[in-house]
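Asks: sharing a model that was predicted from the sequence below.
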Amino acid sequence: MNYPTLDDFILLLPLALAGAIMLGSIPVASKFKLTSLRIMGAVLGALFGLIFIEGLPALM
């Protein structure tokens, strides 16, 4: 079994940032909704990064 190291998680921050930017760019009326969208984008981006990191060795 291959355990992830700290170097494997280098993609989490850029993907979380990309998710926050993408969902944060949706125009909404209130600041609360904008903040909620940015948080959801960051969580979804980090989740995608984690799935990508864990699935990458299986693809090789």
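Replies: That came through fine. Here the structure is a predicted model, which is why all the values come from computation and not from measurement.

Asks: select the longest helix from the protein.
Replies: In the chain, with assignment by DSSP state H, the single longest helix is helix 31-59.

Asks: what are the buried residues along that one?
Replies: For helix 31-59, the neighbour count (16 or more other C-beta atoms under 10 Å) marks 34, 37-38, 41-42, 44-46, 48-50, 53 as buried. Bear in mind the C-beta positions are built from the backbone N, C-alpha and C, glycine included.

Asks: what do you get for stretch 19-32?
Replies: By neighbour count on 16+ other C-beta under 10 Å, the buried set for stretch 19-32 is 19-20, 23-24.

Asks: so where's this structure shaky on pLDDT?
Replies: Across the chain, the ranges flagged by pLDDT under 70 are 1-2, 4.

Asks: pick out the residue nearest the middle of it.
Replies: residue 45 (1.6 Å; C-alpha atoms, centre = their mean).

Asks: from residue 28, how far off is it?
Replies: 19 Å (C-beta to C-beta, to the nearest Å).

Asks: what does residue 8 give?
Replies: Residue 8 sits 35 Å away from residue 28, going by C-beta to C-beta.

Asks: equivalent analysis for residue 10, please.
Replies: Applying C-beta to C-beta to residue 10 and residue 28 gives a distance of 31 Å.
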